[in-house]
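Q: Predicted model, plus sequence, below.
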Amino acid sequence: MTSKKHSRNTRPNRNEYSFYDHAVAVKTGTTNDYRDAWIIGYTPTLAVGAWAGNNDNTPMEKRVAGFIIAPLWREFMDYAFEKYPPATFTPPAPESDIAALPPVLRGEWNSNPSEGTHEILYWLDKNNPRGGRAANPASDLQFANWEYPVAVWAGERPIYALPGGLSPGGGSDDFVVLMPFPNISLSGTAAIPVSVAYPDNTGVSRVSYFLNGQEVGSSVTPPFYHSFSTTARGTVTFQVIFETASGLVERTIRFTIQ
């Protein structure tokens, strides 16, 4: 959320967000298939949110929140500002010791390339951001949801390496399970992401995944990403079978599901 109107005004219907006599922070959102449109904004003394959607959850007109709900919100804010005097936000105090902040808060988003490319919950504990990394990033229920698309993004860009200099897909010297990491502890309430690496010249046509001996999925499309959900808890055995031009290759790791 931002009070910088030039940032907000890059979106449609810019006049709904422009307040020249009041400091206002504004954020809008539109969900998939245009089922919801919302806007929330606040001043130092007032916070107002508004939502629009159909009671039966059917999609609305294919327009973003700036067109659907922002005009209503703006009309209310104009009325409120007749009763509230202008106020300004208090800027945060400058950091006295920037070097003491975790690297990701200093703009060093990948401070240890040998660990690979990860989303921010890997590098930072959101409940204690100044304290650095969480002891077990996967204990956050959103970790797997955020980590998987970042791994996919990195895998499509070879310059972004994963652990050991490997990237998802071909180009590895060996068959490797990249995700989940061996001995990691993951939450069982979210889907568990899987990615692998393998040599280019082996003709991998299919990769199958097994948890405690039961197949939990397979992929026939490089780079063979997958995710699965499970009711298993505790220490589990995860087996990956690569079907190559010369036969099957198996790799096994163990990790914990909470």
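A: Everything's here; your move. In this text the structure is predicted, and so the values were computed from the model without any measurement.
Q: any low-confidence regions in the stretch 101-250 of the chain?
A: Scanning the stretch 101-250 of the chain for pLDDT under 70 picks out 110-116, 152, 154-173.
Q: can you give me the strands for it?
A: Listed in chain order, the strands found in the stretch 101-250 of the chain under DSSP state E, counting those that start in this stretch are 176-179, 185-186, 192-197, 206-211, 214-219, 226-228, 234-244, 247-257.
Q: Go through these and pick out the most buried.
A: Comparing the strands of the stretch 101-250 of the chain by mean neighbour count (mean count of other Cβ atoms under 10 Å), strand 192-197 ranks first with a mean of 25. Glycine gets a C-beta too; all of them are placed from N, C-alpha and C.
Q: From the contact counts, what lies against it?
A: Secondary-structure packing of strand 192-197 (3 or more Cβ pairs under 8 Å, 6 or more residues apart in numbering; DSSP states H and E): helix 143-155, strand 176-179, strand 226-228, strand 234-244.
Q: which one of the ones you listed lies closest to Tyr84?
A: Among those, the nearest to Tyr84 by Cβ to Cβ is helix 143-155 (37.6 Å).
Q: packing partners for that closest one?
A: Helix 143-155 packs on helix 120-123, strand 176-179, strand 192-197, going by 3+ Cβ pairs under 8 Å, 6+ apart.
Q: mind giving me a markdown table with those and columns for distance to His226?
A: A markdown table is the format used below for these (distance: least, Cβ to Cβ, whole Å):
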| stretch | distance to His226 |
| --- | --- |
| helix 120-123 | 20 |
| strand 176-179 | 10 |
| strand 192-197 | 4 |
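Q: how is the chain carved up into domains?
A: As assigned by automatic domain parsing, the chain contains the domains 5-80, 99-257.
Q: So for the shortest one, mean pLDDT?
A: Translated: domain 5-80. The average pLDDT for domain 5-80 rounds to 85.
Q: Quick check: closest non-adjacent residue to Met60.
A: Tyr34 (4.9 Å; Cβ to Cβ, 6 or more residues apart in numbering).
Q: actually Gln258, sorry about that
A: Ser187 (5.5 Å).
Q: Need phi/psi at the residue nearest to Met60.
A: When read as degrees, to the nearest 10, the backbone of Tyr34 gives phi 60, psi 40.
Q: Quick check: the gap between it and Pro71.
A: Tyr34 sits 16 Å away from Pro71, going by Cβ to Cβ, to the nearest Å.
Q: Compare those two (neighbour count), which wins?
A: It is Tyr34, of Tyr34 and Pro71, that has more neighbours when counted by other Cβ atoms under 10 Å, with 18 against 15.
Q: My guess is His226 contacts Gly217. True?
A: Yes - applying Cβ atoms under 8 Å as the test, His226 and Gly217 come out as touching, 4.8 Å apart.
Q: intersection of neighbour lists for the two?
A: Val194, Tyr209 (Cβ atoms under 8 Å, 6 or more residues apart in numbering).
Q: nearest spatial neighbour of the residue positioned nearest the centre of the chain, skipping sequence neighbours?
A: The residue lying closest to the centre of the chain (Cα atoms, centre = their mean) is Trp146, at 3.0 Å. Excluding its sequence neighbours, the residue lying closest to Trp146 (Cβ to Cβ, 6+ apart) is Glu119, at 4.3 Å.
Q: What residues are recorded as beta-bridge partners of Val236?
A: Phe255 (DSSP bridges).
Q: sorry, that was for Ala197
A: Beta-bridge partners of Ala197, as defined by DSSP bridges: Gly169, Val176.
Q: Test my guess that it contacts Met179.
A: No - assessed by Cβ under 8 Å, Ala197 is found out of contact with Met179, at 10.2 Å.
Q: end to end, how far does stretch 102-118 reach?
A: Taking Cα to Cα, to the nearest Å, stretch 102-118 runs 15 Å from one end to the other.
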